[in-house]
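[1] got a structure for you, letters missing:
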């Protein structure tokens, strides 16, 4: 291997006859004057001058090449391999052309690749292009991960990629970007496993109901340390909800906004006027409800009711209350109050106000990973509240500490969410966004960190994107997203071009910690998502099960004459909990005959169904 | 638009007319020419060798291609350096290089200036063929190849260096090595003279253009000059309508069809019709302008270079 052609301070072409270059591998230039600079292969080419491209020259047919091969000459041996190498640090003058190039030993490049230990850091995968270091790699880094490649498991060959979570203090927040099928969800799963390994308090919003860590992935039995005790799974409206009395008027406005479209000015006004501190759900919703009633009746309507002689004292009292309410809020428009009313009911209907977030707090305090599940809109509503609540707890503790007070301990924590563009959309105001933005900008002071994943980086709020100091970029096909990622990361034009063609599970990591882009393959997850079964396989399975059941039901009745069907159908319905009529039984019998499970015999007197 | 003078355009159009008259297309009727050629020679159609057969025929021995190249520094005819290079390359990995340089600058006897350029050119041609013949003579006993294939006609070795050529041919016969020359230019007009005695300007290649089918060869026993002891065949070895010439030793006459098949087998269907093996060697041996320039700059002192070798027009600004 040697440097050829025109060299610059940053880049140099390397040629080799024997060795094929691998993308992203590290090479050392033996230029003594520049103190043996190191560089990374960013482009690879192969060329055979005897097999030119047929644009301006004629094509060499395969037959001739094969004939030559057959009589002993291998044209392929004349292949030349070229690589473009970029130096990690700019040299003071161009590299000497013709200088020798060699593969490094691990200790020569350790500082570029590894900045932590496997015990202390998140072990996310293998750095691509480091296979040639395998012989000199130190034992503490050997066999740390297993990888899935082309559908089969393989052991680690290169250097493992360690993401030191402690560096988040300096370079907070992580972004995970990639289209569907790019391996983004698997990447996120691996990150969560590692957060659990390190016992970092984490809250995950899971709109897909896929974050369960109790099922071990195939072939991972020995590696899986058992995550069952390290995570809690809660569902909004069942295990967790919002304590209404804790809500400030501002919180409530936020919640109602998230519950359905934006709130109009006058609706916000309604909430501000009507909501009182320490209101419970009942007290607040009653008040709104009554106000609707009062406004609907109107002043005169209520007075007319009072004139009715048959009223009980309670009813009188109620009407007087309504009158009082009407006097107090007579300026509020009925439609806005009604708007608040239905939004409130919508939130109540999903059980949002029936629980509190105590289980989440306990989980975090125990250093667990708390998975919060719910449909997308419910999660948005809930996330606004819960993130705000957790963040202010942590902040209160830190602020108290700062002021020399004891304060109630609340741990630092990590917030993880997929489909982050729903939580913090660009150009649209959303309550979740404002809290995420706040954490993005000053969360590191208090030890609150974000892991945001999305397949549409273009739709994610720009201030937040800019604060994500480490970005994992998986395969991305959409042009606008590639452009956004190019702008937001230090991906080079060459790397940008590779984005649409990355293999699932391969990712660029653009990190302020490393100060450059690293290309890795995400390790195989220890656990697997509960939805891995293909829905179409499921269809097949259910159909088979149903068939089994019917055949079983019918077998007991065979042989069966069509004169006895009435009796048979009653018995079958009874013993197998079905609800068939004769027509259904007949059609099922005919179907099974066609599929060969039973045999239908036509006799002069009747039709007989029998075992084939 | 290209800035071309109107006069030039008119003169070219007139030339086209004259060429049409001198080479009337009806006299190049394919069938007619074939009929004429049949009277004096034979047509043969060849198939490509199958891999097995070819291997068997080569008897496990190597196939060697030889090619040479010459190029000169730019300068007046007696103020230049010529670099010669020849390469013999066997299909089993053998390689032998041979090189020389020549310059009229140090020639002993002062020659007349008239006709000097042409003489120098001829001398360079002879020099190169001598290099190639020597190379063949050395490698045949060493590698004992089954076939030695020259890029260029064997006839031209015979003309340039008859004595050396005889030696080489004898060495080949001793070692049972078949010699074959492949030339992309026909460069003779004996055949045209035979068929069209009335048209003096016709050459053999004008005549044979498009007449042969792909894989077809035309053999005329008297094509080679008497005394050369060589057979000579025109072969359309690719889709190009212009045939190539294959020649060999009369003493190895019995193998000539096999040699023609070999040439045909090794030739890509597209392209000019020269075996790919020879193209590979040509690619390696070629003395390019860049190579000359680099070598001269490296080894000739700048003062000498500028005083003796360089041309003023090389320093043109645009």
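    It's in. Model, not experiment: these values are computed from the prediction.

[2] Now the helix or strand residue A:553 falls within: buried residues?
    Assigned by DSSP states H and E, residue A:553 belongs to helix A:535-555. Buried residues in helix A:535-555, counted by 16 or more other C-beta atoms under 10 Å in any protein chain shown: A:550, A:553, A:554. Glycine gets a C-beta too; all of them are placed from N, C-alpha and C.

[3] per-residue confidence at residue A:474?
    With respect to pLDDT, residue A:474 scores 94.

[4] And residue B:110, by the same measure?
    Here, the pLDDT recorded for residue B:110 equals 53.

[5] what secondary structure does the closest residue to chain A within the stretch 201-318 of chain B sit in?
    Scanning the stretch 201-318 of chain B for the residue nearest chain A gives residue B:271, at 3.6 Å (criterion: C-beta to the nearest C-beta). Assigned by DSSP: H, G, I helix; E, B strand; the rest coil, the conformation of residue B:271 is coil.

[6] Residue B:219 versus that one, what's the distance?
    24 Å (C-beta to C-beta, to the nearest Å).

[7] ranges for the strands of the stretch 1-150 of chain B?
    Taking DSSP state E, counting those that start in this stretch, the strands of the stretch 1-150 of chain B run over residues B:42-45, B:63-72, B:82-90, B:95-102, B:147-151.

[8] Take the ones you listed and write them to JSON lines, including mean neighbour count.
    Shown next, in JSON lines, are the strands of the stretch 1-150 of chain B (neighbours: other C-beta atoms under 10 Å in any protein chain shown):
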{"stretch": "strand B:42-45", "mean neighbour count": "13"}
{"stretch": "strand B:63-72", "mean neighbour count": "24"}
{"stretch": "strand B:82-90", "mean neighbour count": "23"}
{"stretch": "strand B:95-102", "mean neighbour count": "15"}
{"stretch": "strand B:147-151", "mean neighbour count": "25"}
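
[9] Let me have those strands in a markdown table, extended by mean pLDDT.
    Shown next, in a markdown table, are these (pLDDT from 0 to 100):
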| stretch | mean pLDDT |
| --- | --- |
| strand B:42-45 | 90 |
| strand B:63-72 | 91 |
| strand B:82-90 | 91 |
| strand B:95-102 | 89 |
| strand B:147-151 | 92 |
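
[10] Relative to chain A, which of those is closest?
    strand B:63-72 (6.0 Å).

[11] returning to what we had before: need the strands of the stretch 1-150 of chain B in a markdown table with distance to chain A, can you?
    Formatted as a markdown table, those follow (distance: least, C-beta to the nearest C-beta, whole Å):
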| stretch | distance to chain A |
| --- | --- |
| strand B:42-45 | 18 |
| strand B:63-72 | 6 |
| strand B:82-90 | 8 |
| strand B:95-102 | 11 |
| strand B:147-151 | 10 |
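
[12] what comes into contact with the following helix or strand past the helix holding residue A:553?
    The helix or strand immediately downstream of helix A:535-555 is strand A:560-561, counting by DSSP H and E. Outside strand A:560-561, the residues that touch it by C-beta atoms under 8 Å, 6 or more residues apart in numbering or on different chains are A:554, A:568, A:589, A:606, A:607, A:608, A:609, A:610.

[13] Taking those residues together, which two end up most distant?
    Distances among the contacts of strand A:560-561 were taken as C-beta to C-beta; the most separated pair is A:554 and A:606, at 16.9 Å.

[14] list the buried ones in the longest helix seen in chain B?
    Longest helix of chain B, by residue count under DSSP state H: helix B:116-143. By neighbour count on 16+ other C-beta under 10 Å, the buried set for helix B:116-143 is B:120, B:124, B:127-137, B:139-140, B:143.

[15] Would you check which of those residues are in contact with chain A?
    The subset of the buried residues of helix B:116-143 lying close to chain A, counting by C-beta under 8 Å from any C-beta of the partner chain, is empty.

[16] Closest one to chain A out of the residues you listed, please.
    Comparing the buried residues of helix B:116-143 against chain A with C-beta to the nearest C-beta places residue B:143 closest, at 12.2 Å.

[17] residues contacting the closest one?
    With contact taken as C-beta under 8 Å, 6+ apart, residue B:143 is in contact with B:62, B:64, B:90, B:94.

[18] need the contact list for residue A:461.
    Counting by C-beta under 8 Å, 6+ apart, residue A:461 has contacts A:424, A:425, A:426, A:433, A:436, A:437.

[19] hmm, 10 Å instead?
    Listed by C-beta atoms under 10 Å, 6 or more residues apart in numbering or on different chains, the contact set of residue A:461 reads A:420-421, A:423-428, A:430, A:433-434, A:436-437, A:440, A:452, A:467.

[20] Now the two most distant members of those.
    Pairwise over the contacts of residue A:461, using C-beta to C-beta, the maximum falls at A:428 and A:467, 18.5 Å.

[21] Tell me which of these two has more neighbours.
    Using other C-beta atoms under 10 Å in any protein chain shown, the more surrounded residue of residue A:428 and residue A:467 is residue A:467, with 22 against 10.

[22] what's the closest non-adjacent residue to the more buried one?
    residue A:440 (4.0 Å; C-beta to C-beta, 6 or more residues apart in numbering or on different chains).

[23] number of nearby residues for the closest residue to residue B:137 other than its chain neighbours?
    Spatial nearest neighbour of residue B:137, chain neighbours left out: residue B:168 (4.7 Å); criterion: C-beta to C-beta, 6+ apart. Residues near residue B:168, counting by other C-beta under 10 Å, number 24.

[24] Residue B:168: helix or strand, and which one exactly?
    If you go by DSSP H and E, residue B:168 is part of helix B:162-174.

[25] which secondary structure elements does the helix or strand following that helix contact?
    Per DSSP H and E, the first helix or strand lying C-terminal to helix B:162-174 is strand B:178-183. Judged by 3 or more C-beta pairs under 10 Å, 6 or more residues apart in numbering or on different chains; DSSP states H and E, the packing partners of strand B:178-183 are strand B:63-72, strand B:147-151, helix B:155-160, helix B:162-174, strand B:230-235, strand B:244-249, helix B:256-265.

[26] Quick one: work out the angle between strand B:178-183 and strand B:147-151.
    20 degrees (axes from the mean of the first three to the mean of the last three C-alpha atoms, to 10 degrees).

[27] tilt between strand B:178-183 and strand B:244-249?
    Using the same axes, to 10 degrees: strand B:178-183 against strand B:244-249 is 150 degrees.

[28] Make sure residue A:234 is actually in contact with residue A:357.
    Yes. Between residue A:234 and residue A:357 there is a contact under C-beta atoms under 10 Å: 8.9 Å.

[29] what about the two, which has more around it?
    residue A:357 (25 against 20).

[30] I'd like the distance between that one and residue B:142.
    For residue A:357, the distance to residue B:142 equals 90 Å [C-beta to C-beta].

[31] do the same with residue A:226
    Taking C-beta to C-beta as the measure, residue A:226 falls 72 Å from residue B:142.

[32] and if you look at residue B:12?
    Residue B:12 sits 54 Å away from residue B:142, going by C-beta to C-beta.

[33] again, but for residue A:17
    Residue A:17 is 26 Å from residue B:142, by C-beta to C-beta.

[34] for residue A:179, same thing?
    In this view, residue A:179 and residue B:142 are 63 Å apart by C-beta to C-beta.

[35] Is residue B:47 in contact with residue B:261, as I believe?
    Yes. The pair formed by residue B:47 and residue B:261 meets the contact definition of C-beta under 10 Å, at 7.2 Å.

[36] starting at the chain centroid, how far to stretch B:169-182?
    Here stretch B:169-182 is found 18 Å from its chain centre; the criterion is C-alpha atoms, centre = their mean, to the nearest Å.

[37] buried residues in that stretch?
    Residues B:169, B:171, B:172, B:175, B:177, B:178, B:179, B:180, B:181, B:182 are the ones in stretch B:169-182 that count as buried (16+ other C-beta under 10 Å).

[38] Next: stretch A:277-292.
    Residues A:279, A:281, A:284, A:285, A:287, A:288, A:290, A:291, A:292 are the ones in stretch A:277-292 that count as buried (16+ other C-beta under 10 Å).
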